[in-house]
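*Asks:* please find the sequence and the predicted model below.
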Amino acid sequence: KSNIACSLQPNKNPLNDVLHKQVYLKQALAPFGEYTPLESVMAFALKQFGLESLARSSFAKGNIAKAFSLSFGKVSPMICYEVIFPELFRKQLQSGAQAIVVLGDASWFHSQISVVNAQMLAALQFRAVEGRRDIAVAVNKASLASIDSSGRVKHLSEAEFTFLKMNLNDQMTMASKNLW
């Protein structure tokens, strides 16, 4: 199992597959959601309390930053709470990202979605300023958002679909080069 983002585009070369695929594997897995810390110990402890269902089999973890080459520029995906890790954001920028798209699934937070949404948006505002990149956010059960490179939330809605305008930037800031 893995948590991935992919880009599918028509392939211009008829000798290749019909679709050109680009895949990114999530690099920072959520404890207890995508992996169980100290899995063998935790599985035993959870079984003792009749909570075996909380033990999750681990997802595959990616270790490569990826900028998808799209017809209009290079965009890097990030998945859910990877955005709280500045070093992962920096790696995405160093892979050539001119903008960032954050994908997520907030449905497992149930009644805490508004709190989670606010925390994620706050982290994204910092990342946008650090890297001077526009960020688009699409999180089910939460919101669609657009944050500009100055950290301003330009669009925020709970719509199921929208078009977001993003500016592309390939300039590296001091923070995106080597601050941490």
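*Replies:* Sure thing, it's come through.

*Asks:* when you work out contacts or count neighbours from here on, use the C-alpha atoms and nothing else.
*Replies:* Fine.

*Asks:* lowest-confidence helix or strand of this protein?
*Replies:* Using mean pLDDT, DSSP states H and E, helix 39-48 stands out as the lowest-scoring helix or strand of the chain, at a mean of 74.

*Asks:* list the buried ones in that helix?
*Replies:* Neighbour-count burial for helix 39-48, with 16 or more other CA atoms under 10 Å as criterion, is recorded at Ala43.

*Asks:* show me what that helix is packed against.
*Replies:* Of the remaining helices and strands, none touches helix 39-48 by 3 or more CA pairs under 8 Å, 6 or more residues apart in numbering; DSSP states H and E.

*Asks:* mind checking how far that helix is from the chain centre?
*Replies:* Centroid separation for helix 39-48 versus its chain: 30 Å, with CA atoms, centre = their mean, to the nearest Å.

*Asks:* can you give me the helices for this structure?
*Replies:* According to DSSP state H, the chain carries its helices in the segments 39-48, 86-94, 113-131, 174-178.

*Asks:* and the ones you listed, which is most packed in?
*Replies:* helix 86-94 (a mean of 21; mean count of other CA atoms under 10 Å).

*Asks:* what is that one packed up against?
*Replies:* strand 73-79, helix 113-131, helix 174-178.

*Asks:* can you redo those as JSON lines with distance to Gln98 and mean pLDDT?
*Replies:* JSON lines is the format used below for the helices and strands packed on helix 86-94 (distance: least, CA to CA, whole Å; pLDDT from 0 to 100):
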{"stretch": "strand 73-79", "distance to Gln98": "5", "mean pLDDT": "94"}
{"stretch": "helix 113-131", "distance to Gln98": "10", "mean pLDDT": "84"}
{"stretch": "helix 174-178", "distance to Gln98": "12", "mean pLDDT": "80"}
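
*Asks:* no more questions from me, cheers.
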